[in-house]
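Undergrad: everything below, folded, please.
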Amino acid sequence: MRRIAVVPGSFDPVTLGHLDVIERAAGLFDELHVLVVHNPGKTALLPIGRRVELLQQSIRDAGLPGNIQVASWSMGLLVDYCLEVGASVLIKGIRSQVDVAYETPMAIVNRNLAAVETVFLLPDPAHAHVSSSLVRQVAALGGDIAPYVPTAVAEFLQKAPV
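TA: Numbering: from 1, shown residues only. Purely as a prediction, here's the structure:
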């Protein structure tokens, strides 16, 4: 039986911390879906299509394994996507206790709704302080985001007004 997992996120934009979690998750599963999701509680900087493109390019540039697929999902429950692709596990990167408190109720509901388990991965300490919202704020104020994001993202955001 193939082990299939999903790494969901807004990836607005993708960070080096995201890539770290994606790479480590890809080593644990036969097939990994990296899913760009719409979060109605957030105002997005980048449209979903652009986030998908930047994720695909960043994964290629990093030389990550070929068992990774990038997709988007904006309608319905996350577990609906999991059921559609045969995934039984969600992977969530956890940076702090705040993330644990936020993610735990969702993990329980996802297990109750569709028997989809959630696995929390701790970040590489080098990336534990980085979030997409922090990157957006630094970029908006003209700061250097290159230490926090893949090259494709840094180049794109330097050209595009944030």
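
Undergrad: stretch 12-30 - what's its average pLDDT?
TA: Over the span of stretch 12-30, the pLDDT mean works out to 97.

Undergrad: can you give the distance of it from its chain's centre?
TA: 7 Å (Cα atoms, centre = their mean, to the nearest Å).

Undergrad: can you pull the buried residues of that stretch?
TA: Buried positions in stretch 12-30, judged by neighbour count with 16 or more other Cβ atoms under 10 Å: 12-23, 25-26, 29. For glycine as for every other residue, the C-beta is placed from the backbone atoms N, C-alpha and C.

Undergrad: and that stretch, how far apart are its ends?
TA: With Cα to Cα, to the nearest Å applied, stretch 12-30 spans 26 Å between its terminal residues.

Undergrad: now stretch 105-121
TA: 17 Å.

Undergrad: rounded mean pLDDT for it, please.
TA: Computed over stretch 105-121, the average pLDDT equals 98.

Undergrad: how about it: buried residues?
TA: Neighbour count says stretch 105-121 has Ala107, Asn110, Val116, Thr118, Leu121 buried, by 16+ other Cβ under 10 Å.

Undergrad: ok, now stretch 85-98?
TA: In stretch 85-98, counting by 16+ other Cβ under 10 Å, buried: Ala87, Ser88, Val89, Leu90, Ile91, Lys92, Gly93, Ile94.

Undergrad: got those residues as CSV, with secondary structure columns?
TA: CSV is the format used below for the buried residues of stretch 85-98 (DSSP: H, G, I helix; E, B strand; the rest coil):
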residue, secondary structure
Ala87, coil
Ser88, coil
Val89, strand
Leu90, strand
Ile91, strand
Lys92, strand
Gly93, strand
Ile94, coil
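
Undergrad: check the gap between Pro105 and Asn112 for me.
TA: In this view, Pro105 and Asn112 are 11 Å apart by Cβ to Cβ, to the nearest Å.

Undergrad: try Gly93
TA: 22 Å.

Undergrad: still on that earlier bit, out of the buried residues of stretch 85-98, which is nearest to Val34?
TA: Val34 lies nearest to Ile91 out of the buried residues of stretch 85-98, by Cβ to Cβ, at 9.3 Å.

Undergrad: which one of the buried residues of stretch 105-121 is nearest Arg136?
TA: Each of the buried residues of stretch 105-121 was checked against Arg136 using Cβ to Cβ; the closest is Leu121, at 22.8 Å.
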